[in-house]
Every structure is written in structure tokens, then in C-alpha cells.
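Student: sequence unavailable; structure follows:
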């Protein structure tokens, strides 16, 4: 039975999105920052699923609690799916969001809009205290802009344009983003997994 669940991320923005989308569940969600420190998971998987599972399983076994972890990647068609699993460290270890955005924009400099198509994918792994993982995936398609636009977001949000909304992720309200984003879609599926385990 689940009464508490750790959110295995050091990213406070992600942790808040998880809490916002899953707020109607009768579960206490605990950010990793509120837990005693444990060895940082080395994200050396070749897929989002591998990385999400590793993060969730290692934390679950360490704390003996249910854990939710995600791995998210931006896949740009013109770059053959890059940065993909390397999205968070695209510009190098310890790089900033701005560093990543600048590198991506420089690689796409002069590329016409019709060739700047991309998708955001998010995989959620929910692990039991014994390390048994369940998965949920969400995706959203968009276009990489040629300039940064918007301030309500993080990561690649200011350069990921969603045609149906006529805005970048960083120009959307949090409510809208938490309804249509790749992470929101994955979390809605994860919600059903968690409900079955309550």
C-alpha cells in the first residue's frame, strides 16, 4: 500500500510539476531534497526508460520506499534525434539551461522552420520498495524556434514552440503546461499505475 512516494529528482521545477499533476491522489509526495543524501545515480542508460528505471530503482532500494522518477529528452529531427538522453548535459557537464539552449540554437542556425521539427518525450518509472518498475510515457511534438521566448519554464521550454497553442512552453501558464505537456501526459498514465497500488 502506498502512503508516501519519493520524487527522485533534484530539479525543483520537475518536483513541483509532479506534485501539481498528482495532487488529487491520497499520497504524500516527498522531494528528494527532503531525504537523507544517497549516492547520486549515474545516468548511463541509452534510453529514457533505462535512465528512469535506474533512478527509481536505486532510490527505492536505498530508502525502502515507493519512488517516482523520470527521464526526459528533446529529440530534434534535423539532428537525428539529438540531444535525446543527453538533453540535460548537451552543452557539457554542469552546464546551465541557457548553455544548452544556446548550443542547440547555434547548431540550427540558418535551418528553415520546416526542418526544425522536434519532440519532447518523458518516461516515468514508478518503483516499488523492492525495485519492481512500472512505466508511463508521454510525448508532444513541436518546432525549435530561432530565439528564446518566454520565462515561465525551464530547460528547453523557451525554444520549444507548440503550433496548436501558438506559444513556446515558456509562454504557457503552468496550468496549461500541466495539462498538455509530455510530462503531464506521462504523469496521467502514471497516476493510474499508482492508483492500482494504493
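Tutor: Thanks, I have the structure now. The structure presented is a predicted model; accordingly, all values stated were derived computationally and were not measured.

Student: just the buried positions in stretch 164-171, please.
Tutor: Going by neighbour count (16 or more other CB atoms under 10 Å), the buried part of stretch 164-171 is 167, 168, 169, 170, 171. From N, CA and C alone the C-beta is placed, and that goes for glycine too.

Student: report the central residue of this structure.
Tutor: The chain has residue 72 as the residue nearest its centroid, 3.7 Å off, counting by CA atoms, centre = their mean.

Student: tell me the phi and psi of it?
Tutor: phi -130, psi 140 (degrees, to the nearest 10).

Student: number the chain from 20, please
Tutor: I'll keep to 20 as the first residue from here, and by that count the last item is residue 91.

Student: out of the buried residues of stretch 183-190, who's nearest residue 163?
Tutor: residue 187 (9.7 Å; CB to CB).

Student: you'd agree the closest one is up against residue 171?
Tutor: No - taking contacts as CB atoms under 8 Å, residue 187 lies outside contact range of residue 171: 9.5 Å.

Student: before we move on, the earlier item: how about TSV for the buried residues of stretch 183-190, with distance to residue 158 added?
Tutor: Compiled in TSV, those are given as follows (distance: CB to CB, whole Å):
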residue	distance to residue 158
186	18
187	17
188	14
189	19
190	20
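
Student: now stretch 72-90: buried residues?
Tutor: So for stretch 72-90, counting by 16+ other CB under 10 Å, buried means 72-82, 84-90.

Student: same deal with stretch 21-36?
Tutor: Buried residues in stretch 21-36 (16+ other CB under 10 Å): 21, 24, 25, 26, 27, 28, 30, 33, 34, 36.

Student: enumerate every residue touching the third one.
Tutor: This points to residue 25. Residues near residue 25 by CB atoms under 8 Å, 6 or more residues apart in numbering: 48, 49, 50, 51, 54, 78, 79, 82, 84, 85, 86, 87.
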